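Asks: generate coordinates for the sequence data below:
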Amino acid sequence: MSESRSAINMISGGVDSVTTAYYVNKELKPKNQLLIFCNYKQRTYDYEEFCIRQISKALDVPLKIIDLKWLGDISTSVLTHPEKEIAETKEADLWDPDKARQRILKWWDPCRNAVLLLVGLSHAESFYISKGERYDVHIGIRRETPVVMKDNTPEFLEEMNRAAEQATHHGGYRLLAPLITYDKDKVVELGEKLGVPWEYTYSCYAGHGFRTVKGRKLPVHCAICSNCARRKLAFRDAGVKDPSIYAQ
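Replies: Sure thing, here's the model as predicted:
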């Protein structure tokens, strides 16, 4: 069987995962590339899907959407429960460790990153068994500050790669996170160099509708959730113009 490497990108439509997809496409230049987007009943699904379809067209890379609605059914995350109110996060709150620890469980979906990687790994193994083609699985996780999330670390990725050896028949698969040591402003810097169309990335936890700007339909960010605050700060610190539309 051929050992040539292609690429699967687990993509959410956010700054990190879209930049990862662009990095893989532009820098690694895989033989084939596939974007996989999972529907786990996130309240911002429509905005994420809209952006990812635009990214798929821009990169000329196929997109596959996977039904993981069961994950939303068992999750207590605010992201999967639109009836729960999302509080405003001030910029200063982003650097407060105690407040960051309090926020984590509000957004935590059970084993989400592990499940996403296993979805990608399943596809990679299927491609190798059926076509003899090797796929690496890429995920857009990065360094989290000021509090580390357990499934956003090099240690997590190392453990998942060990599990992949035992979970697959042939072994030899690679689960990769090219931006694992990057802060968000560095991700923006890289994405800008790679030509990421930022208006087609979506970070908001709440969702705030769509708006037509110069004939283009674009998603609107709420401007008050912690992810919007982090997004705005990352663009500012990177010195990159933020073309995102914010409600406020």
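Asks: ranges for the strands of this protein?
Replies: 5-10, 33-39, 63-67, 134-139, 175-176, 210-213, 216-221, 245-246 (DSSP state E).
Asks: need the ones you listed in a markdown table (columns: mean neighbour count and mean pLDDT).
Replies: Backbone N, C-alpha and C define where each C-beta goes, glycine included. Output for the strands of the chain, formatted as a markdown table (neighbours: other C-beta atoms under 10 Å; pLDDT from 0 to 100):
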| stretch | mean neighbour count | mean pLDDT |
| --- | --- | --- |
| strand 5-10 | 24 | 97 |
| strand 33-39 | 21 | 98 |
| strand 63-67 | 14 | 98 |
| strand 134-139 | 24 | 98 |
| strand 175-176 | 22 | 98 |
| strand 210-213 | 12 | 96 |
| strand 216-221 | 18 | 97 |
| strand 245-246 | 16 | 96 |
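Asks: quick one, which of the ones you listed is nearest to Q102?
Replies: Q102 lies closest to strand 216-221 among those, at 22.3 Å (C-beta to C-beta).
Asks: show me the contact partners of the closest one.
Replies: 47, 50-51, 199-200, 202-204, 208-212, 228, 231, 244-247 (C-beta atoms under 8 Å, 6 or more residues apart in numbering).
Asks: can you check stretch 121-129 too?
Replies: So stretch 121-129 is contacted by 1, 6, 8, 34, 36, 64, 133-137, 164, 167-170, 173, 175 (C-beta under 8 Å, 6+ apart).
Asks: return the alpha-carbon coordinates of that stretch using PDB.
Replies: Presented in PDB, the C-alpha positions along stretch 121-129 are these (Å, rounded to 0.1, in the frame of the first residue of the first chain):
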ATOM      1  CA  LEU A 121      -9.200   8.900  12.600                       C
ATOM      2  CA  SER A 122     -12.100   6.700  11.600                       C
ATOM      3  CA  HIS A 123     -12.200   8.300   8.200                       C
ATOM      4  CA  ALA A 124      -8.400   8.100   7.900                       C
ATOM      5  CA  GLU A 125      -8.500   4.400   8.600                       C
ATOM      6  CA  SER A 126     -11.300   3.800   6.200                       C
ATOM      7  CA  PHE A 127      -9.400   5.600   3.400                       C
ATOM      8  CA  TYR A 128      -6.300   3.500   4.100                       C
ATOM      9  CA  ILE A 129      -8.200   0.200   4.200                       C
END
